[in-house]
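Q: Here's my sequence, what's the structure:
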Amino acid sequence: MIRVGKIVATHGLNGALILTHIVGNSKWLKPEQVLLVEMQKGSHIPYFVSQCKANNDAEYIINVEDVDRIEVAKKLVTRHVYVDEAILADYAKQSPLLWIGFSIVDKSKGILGNVEDVSRTGFQWLAKITYSGAEVLIPLIDQFIEKVDIKTRTINVNLPDGLLEVYLGS
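A: Below you'll find the model as predicted:
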């Protein structure tokens, strides 16, 4: 499962919801797909999309089965939404925001840590991890990334010598 966004509001009186997402593209969600809504930490309830309309590249207005009143829809507001990796396989390689939680594995050093956050500076994406007790920012550029595996949730990299040591003060 990949976290794609959050339900931020209701829309109208018939149970429609506004879903903000980080996919960066408004063509990935289709009717009949399943959204997994995190009702409690670690507890995901499946909801089948009956209708969806993209507002922009970061927001959908959706209707899901069995949610047909505003009172029911309000219970889903502020909940995180996840989808199966297969739905986003094509988009995940384009959007590093979807890599939060992935493990970064260096060719020579092995597992470095999990991506805690991703930010963009200019044209470059940076992944924040904790490595040997220090916060480290790893550039997510083609020259360093060897493979992004959606199934195993890993990013294989080949970092230049000395990059991690800069953060460790060695």
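Q: And residue 142, how far from residue 154?
A: Distance check for residue 142 against residue 154: by CB to CB, to the nearest Å, it reads 17 Å. No exception for glycine: its C-beta is placed from N, CA and C like everyone else's.
Q: between these two, which one's more packed in?
A: A count of neighbours by other CB atoms under 10 Å puts residue 154 above the other of residue 142 and residue 154, at 17 against 6.
Q: partners of that one in the sheet?
A: Beta-bridge partners of residue 154, counted by DSSP bridges, are residue 103, residue 149.
Q: any idea of the pLDDT on it?
A: Model confidence at residue 154, given as pLDDT, is 93.
Q: again with residue 85
A: In the predicted model, residue 85 carries a pLDDT score of 77.
Q: Likewise for the one 10 residues further on?
A: In the predicted model, residue 95 carries a pLDDT score of 73.
Q: Could you list the domains of the chain?
A: Each domain of the chain is listed here as a residue range: 2-89, 96-168, per automatic domain parsing.
Q: Could you give the secondary structure assignment for residue 87?
A: Reduced to three states with DSSP: H, G, I helix; E, B strand; the rest coil, the structure at residue 87 is helix.
Q: Could you number the chain from 57 rather than 1 from now on?
A: Let's use 57 as the start, then, which means that last one is residue 143.
Q: What about it, how many residues nearby?
A: Taking other CB under 10 Å as the neighbour definition, residue 143 ends up with a count of 18.
Q: Now do the strands for the protein: every range, in order, please.
A: 58-67, 72-77, 90-96, 99-112, 115-120, 136-139, 159-162, 166-170, 173-177, 180-187, 190-195, 201-205, 210-213 (DSSP state E).
Q: Of all those, which one comes closest to residue 153?
A: Of all the strands of the chain, it is strand 173-177 that lies closest to residue 153, at 5.4 Å by CB to CB.
Q: Kindly check the end-to-end length of stretch 78-87 for me.
A: Distances were taken as CA to CA, to the nearest Å; on that basis the terminal residues of stretch 78-87 are 19 Å apart.
Q: Look up how far residue 222 lies from the most centrally placed residue in the chain.
A: For the chain, the residue whose C-alpha lies nearest the mean C-alpha position (CA atoms, centre = their mean) is residue 154; its distance is 3.0 Å. Distance from residue 154 to residue 222, counting by CB to CB: 27 Å.
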